[in-house]
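**Student:** My questions are about this predicted structure, shown below with the sequence.
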Amino acid sequence: MKTLTRNEEQLLLAIYHLKENAYLVNIREQLKDITGKYLDVGTINKPLKRLTDEGYLDSFFGDPTPVRGGKAIKYYSLTQKAFDALVEIRTLHEKMWTNVEFPLKRT
Amino acid sequence: MQNSFKKIPAFFSYLLDRTISEQDSSHLKGDFEEIYDSLHNSGGALKAHTWLIRQIFVSFFIFASHSVKWWFIMFKNYLTVSLRNLKNSKGFSFINITGLAFGMACCLFIMLWVIDELSFDRFHTNIDRLHHVRLNILYTGGMTDIAVTPAPLAKTLKNEFPEVEDSARLRYQRTMLLKGENKAFYEPDIVIADASFFSIFSFPFISGDAETALKEPNSIVISRDVAYKYFGDENPVGKVLNLNNSADYIIKGVIQNVPHNSSIQFDIVLPWSYMFNESWYDDDYWDSQFLHTYVLLNESVDWEGFNTKIKNVITDRLENRRNEPVLHPFIDIHMSRAGEIVNMFSILAVFVLLIAIINYMNLATARSSLRAKEIGMRKVIGAQKANIVRQFYIESILTSVISMILALIIVYLLMPQVNDISSKNLSLAGSRHSEILIIGMFLVALITGLISGIYPGQVLSSYQPVKVLNSSLSSGMRNPLFRKILVTMQFALSILLVVGTIIVNSQLNFVKNMDMGWEKDDLLYINIPDEAFPHYAAFKNELLQNSSVTGVTAMQSVLTGFGNTSSNFHWQGKDPDLSVSISFSGSDADFIETLGIELIEGNSFSGMEFSMESPVIMVNETFKNIISDGPVSGKSLTWGDDTFTITGVMKDFQIQSVRQEIRPTVIYLSPNRLRYILIRLQPENVSETLSFIADTWESVLPEFPLEYRFFDERIERLYRTEIRISSILQYFTGLALFIAGLGLFALASFTAQRRTKEIGIRKVMGASGTGIVVLLSSEFLKLVLVANLIGLPAAAYFGNAWLENFAFRYNIDVSLFLITIAATTLIALSAVFQQAYRASRANPVDSLRHD
């Protein structure tokens, strides 16, 4: 299994946080809360699509609502594979940071 | 909340739809709407829009690269399929490509031609301000427009009108004998010009100064070729050329050879002062027109307005004349001569191409049944209609591009022949405007491809897959009416060409064999320089000793073109308002006898001697009818200051191309200033007579070389344009018939193939072989007959319009139409018959066995 990139990691975590409310607009807000800036719609949509194709995400459509011009919402949820990947990357991070004293010092 | 919801404006919404890929569209658009709405609510319209534009802008490049990539992938597929189709049906592809290639080659040739014609005279730097002055001669009941003007006009225009920056006169001179250091040649292309000639026109000098080259009275300017002919590689400036064994001229300048696309053609230029050698010449005489006047207007002068200003310049100086000078832009001169032919040939080239395009459309639709299954399959697999349409367009464009390449090869190979026929100097590589040519070629290929793709593309792409895949019925004869119309059109166009060719040819023959009023066979003429003329009488006497020479005379103008006209003739009882322009020429005594012109009244000059006191003149019939209803011999005719006695009336004779009516003409007895010796020979032993003439000349006039010509050649030259039109038309027609025949052949073979089963059944039921041949060929022959019904009246109309150009024309008769009908039927039959015959001979067992 390949290691997730930082981008993918952020996306998956955002979806994890949002639970059943995970769709593009919310994901964008969530990411803004974490990183401090808004991303372009395409910059979010593209990896979402790829992650879906690669089996990290499931997607389903909500009912069309009059808000949003009557268009349905596409919701995303994490698959087992995504959970595994997140666990893996978390472990990786921890391994990397163990025995590193904080704050860092220049030698 | 719902009410305040902000929708994305329609324009952005459209852009979004275009850029969002299809499977994403709905929900993603929703996301956009939502974000837009919230931005709108929080930050206002401006912020929302800025954001939206940024989003679209960012995705645009990705979108563009995507579509280009897919377009390429599909294009490759279309190309593969197209090539496969071309290969699979070699016969049809061959016919399509050959037809289109020849059609395009015609177009390319015409394009080269037009480019060449349009380049005429453009090399003059002042071309926009240069004008040629023509003369409208108004007389009772009409107007003649002539290109020549009186001598003082040029300087008057320059001196009296501030609009004129400069002016120049030009006169074409007849052949002269030039002697260099040790070489002598007769030079035919000599002009006399004012010193300003080289400053208003831009003929580049190789050496010498354009401004001063013609200032001195004894200076001469020659072209590079002439310089080389007399002096080889030496610099000729400052050397001496002797004219007609009399005067020496110093070469003051050498110019580049006058390019072929100049409407003024010459090799040698003499200064205007040469004119004063002519005893009759008067620099201030307004009532004789014999030279060309060119003016260079100042910047921003409106020449049309200027025309009204100079209207009365001549009339003010000449009583009883209404001669109005009219400026014609120099740049239009060539097109006004050549425009008609250029238009005609352009239309013809398009005709030929059109016939080839129709072939393509016809064959493509005829073979549609073979493609129907393919189209059905494509649609089932997921092709949109647009894909199929594109497939067909790419096929036709591919065909037309291949044809274009072939057309280039054809043009390259046939270039020498075409130059020969058209007497042009065209070339593909050396074309001055190759960029126009390349764009033109590209456009022709594209347009041809698009036009030929329209029908198959639009019709075949709309096949319903369910129908074509399901039915085992052949849909090959779908829409036969459309195909019939196309074939009829093709043949109607061909018929137009055939009739056109026949009409032009018949007119040409008519003209060549027409009774010109004088005998043109066995007549030769010698150009005799003025300096040699004193020996003419001796020469004539010597010649007449020989019985093979039946007549000798001399004339002032060459017989096939009296360039000189005068309107200064008066007679008793002349209507004072009448002003007619009369052609004139001086001649020796035996004029009408030598030429074989019929005398219808009075006496000829035969046996008469010239006397200053009582000059004599003869008039032609046309002029006689203007003077009086009764006999005119013995009456007197005043010309300027001289009074002539009319000795007799000649039957009308043709001295111009038959495009023109016979003009009133006079011939006066003159002892000098005769320039052409005319000699009538016995038709037998011509070569011996010729050597006798050469020997006699040698003994009488040793210092002048002899150069003679037969009149037949001169007459051919009168009809150069018609001969050229005729031969080019023949090629066009041949090609059109060939291409149309090819198309019909292919169509017939295809129909026969598709109808094998039907024919088999017919035969089993007892149809005879002949019956089947008739059945198959009559279908096409009917179309050809209908085409005749359309084409013949149209052709008759255009043919008559063309014949209107001629004062003398042959009458179109029924046999022409019968010949055309027979010829087209024959061609159609020969294209169809073999197929029909083969189909009729096929064994029905073979064709029916499969089911």
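**Tutor:** That came through, no problem. Numbers count the residues shown, from 1 in each chain, chains lettered A, B, ... in the order given.
**Student:** Please name the nearest non-neighbouring residue to the residue nearest the centre of chain B.
**Tutor:** Closest to where the C-alpha atoms of chain B average out (C-alpha atoms, centre = their mean) is B:I341, at 2.9 Å. Closest residue in space to B:I341, ignoring its immediate chain neighbours: B:I725 at 6.5 Å, by C-beta to C-beta, 6 or more residues apart in numbering or on different chains. In short, each C-beta sits where N, CA and C put it, glycine included.
**Student:** Likewise for B:N620?
**Tutor:** B:N620 sits nearest to B:T665 (C-beta to C-beta, 6+ apart), 4.4 Å away.
**Student:** Also B:I35?
**Tutor:** Closest to B:I35 by C-beta to C-beta, 6+ apart is A:V25, at 5.7 Å.
**Student:** contacting residues around that neighbour?
**Tutor:** Each residue near A:V25 by C-beta atoms under 8 Å, 6 or more residues apart in numbering or on different chains is listed here: B:D31, B:E34, B:I35, B:S38.
**Student:** where's it, which helix or strand?
**Tutor:** In this assignment (DSSP states H and E), A:V25 forms part of helix A:24-35.
**Student:** With B:R838 instead?
**Tutor:** Assigned by DSSP H and E, B:R838 falls in helix B:814-841.
**Student:** How about the residues of chain B by chain A?
**Tutor:** Residues of chain B that fall close to chain A, judged by C-beta under 8 Å from any C-beta of the partner chain: B:1-2, B:5, B:7-8, B:24, B:26-35, B:37-38, B:54-55, B:58-59, B:62.
**Student:** need the contact list for the closest residue in space to B:N85 that isn't next to it in sequence.
**Tutor:** In space, B:N85 comes closest to B:E395 once its chain neighbours are excluded; the distance is 6.3 Å by C-beta to C-beta, 6+ apart. Counting by C-beta under 8 Å, 6+ apart, B:E395 touches B:Y78, B:V81, B:S82, B:N85, B:L86, B:G453, B:P456.
**Student:** List phi and psi for A:Y76.
**Tutor:** phi -120, psi 150 (degrees, to the nearest 10).
**Student:** burial count for it?
**Tutor:** By other C-beta atoms under 10 Å in any protein chain shown, 24 other residues sit near A:Y76.
**Student:** ditto for B:K385
**Tutor:** Around B:K385 there are 14 residues (other C-beta under 10 Å).
**Student:** correct me, but B:W518 touches B:I597?
**Tutor:** Yes: the pair B:W518 / B:I597 is scored as a contact, 5.0 Å apart, by C-beta atoms under 8 Å.
**Student:** which neighbours do these two share?
**Tutor:** Counting by C-beta under 8 Å, 6+ apart, the residues touching both B:W518 and B:I597 are B:F653.
**Student:** what does the helix or strand bottoming out on mean pLDDT in chain B contact?
**Tutor:** Across the helices and strands of chain B, mean pLDDT, DSSP states H and E gives its lowest value to helix B:465-470, namely a mean of 71. Identification of contacts with helix B:465-470 by C-beta under 8 Å, 6+ apart yields B:A372, B:K373, B:I375, B:G376, B:M377, B:K379, B:V380, B:S475.
**Student:** If we use 6 Å, what do you get?
**Tutor:** B:A372, B:G376, B:K379, B:V380 (C-beta atoms under 6 Å, 6 or more residues apart in numbering or on different chains).
**Student:** Pull the most distant pair out of the residues you listed.
**Tutor:** Farthest pair in the contacts of helix B:465-470 (C-beta to C-beta) is B:A372 and B:V380. Separation: 12.6 Å.
**Student:** which of those two has more neighbours?
**Tutor:** B:A372 (21 against 11).
**Student:** For that one, what is the enclosing helix or strand?
**Tutor:** For B:A372, the element it lies in under DSSP H and E is helix B:368-381.
**Student:** Report all helices and strands that that helix contacts.
**Tutor:** Judged by 3 or more C-beta pairs under 6 Å, 6 or more residues apart in numbering or on different chains; DSSP states H and E, helix B:368-381 is in contact with helix B:465-470.
**Student:** quick one on the thing from earlier: so which elements touch the helix holding B:R838?
**Tutor:** Judged by 3+ C-beta pairs under 6 Å, 6+ apart, helix B:814-841 is in contact with helix B:480-513, helix B:720-754, helix B:769-803.
**Student:** any idea of the mean pLDDT in the second one?
**Tutor:** The pLDDT scores in helix B:720-754 average 84.
**Student:** Of all the residues in it, which ones are buried?
**Tutor:** B:722-723, B:725-729, B:731-733, B:735-752, B:754 (16 or more other C-beta atoms under 10 Å in any protein chain shown).
**Student:** what's the one residue in chain B that gets nearest to chain A in contact with, if anything?
**Tutor:** Closest to chain A within chain B is B:G30: 2.9 Å, counting by C-beta to the nearest C-beta. By C-beta under 6 Å, 6+ apart, the contact list for B:G30 reads A:R68, A:K71.
**Student:** which intervals of the chain have sub-threshold pLDDT?
**Tutor:** Just going to use chain A. In the predicted model of chain A, residues A:1, A:66-67 satisfy pLDDT under 70.
**Student:** looking at chain B here, not the other one
**Tutor:** Using pLDDT under 70, the flagged stretches of chain B are B:1-5, B:21-24, B:141, B:369, B:429-433, B:470-479, B:559-564, B:656-658, B:850-851.
**Student:** what's the closest residue to chain B within chain A sitting at in phi/psi?
**Tutor:** Residue nearest to chain B within chain A: A:K71 (2.9 Å; C-beta to the nearest C-beta). A:K71 adopts backbone torsions of phi -90, psi 150, taken as degrees, to the nearest 10.
**Student:** the domain parsing of chain B - what is it?
**Tutor:** If you go by automatic domain parsing, the domain ranges for chain B are B:10-70, B:151-313, B:490-515+B:718-851, B:530-703.
**Student:** follow-up on the earlier one: phi first, then psi, for the residue nearest to B:N620.
**Tutor:** phi -140, psi 140.
**Student:** next one: the one 3 residues further on
**Tutor:** Main-chain torsions, B:Y668, degrees, to the nearest 10: phi -120, psi 150.
**Student:** what is the closest residue to it other than its chain neighbours paired to in the beta sheet?
**Tutor:** Leaving aside its chain neighbours, B:Y668 sits nearest to B:I617 (4.3 Å; criterion: C-beta to C-beta, 6+ apart). In this entry, B:I617 is beta-bridged to B:I646, B:Y668, by DSSP bridges.
**Student:** In terms of secondary structure, what does the top helix by length along chain A contact?
**Tutor:** When chain A is parsed with DSSP state H, its longest helix is helix A:80-97. Applying 3+ C-beta pairs under 6 Å, 6+ apart, one finds that helix A:80-97 makes contact with helix A:6-18.
**Student:** residues of the helix it packs on that come out buried?
**Tutor:** Buried residues in helix A:6-18, defined by neighbour count with 16+ other C-beta under 10 Å: A:E8, A:E9, A:Q10, A:L11, A:L12, A:L13, A:A14, A:I15, A:L18.
**Student:** on contacts alone, who are the packing partners of it?
**Tutor:** Using 3+ C-beta pairs under 6 Å, 6+ apart, helix A:6-18 is in contact with helix A:24-35, helix A:80-97.
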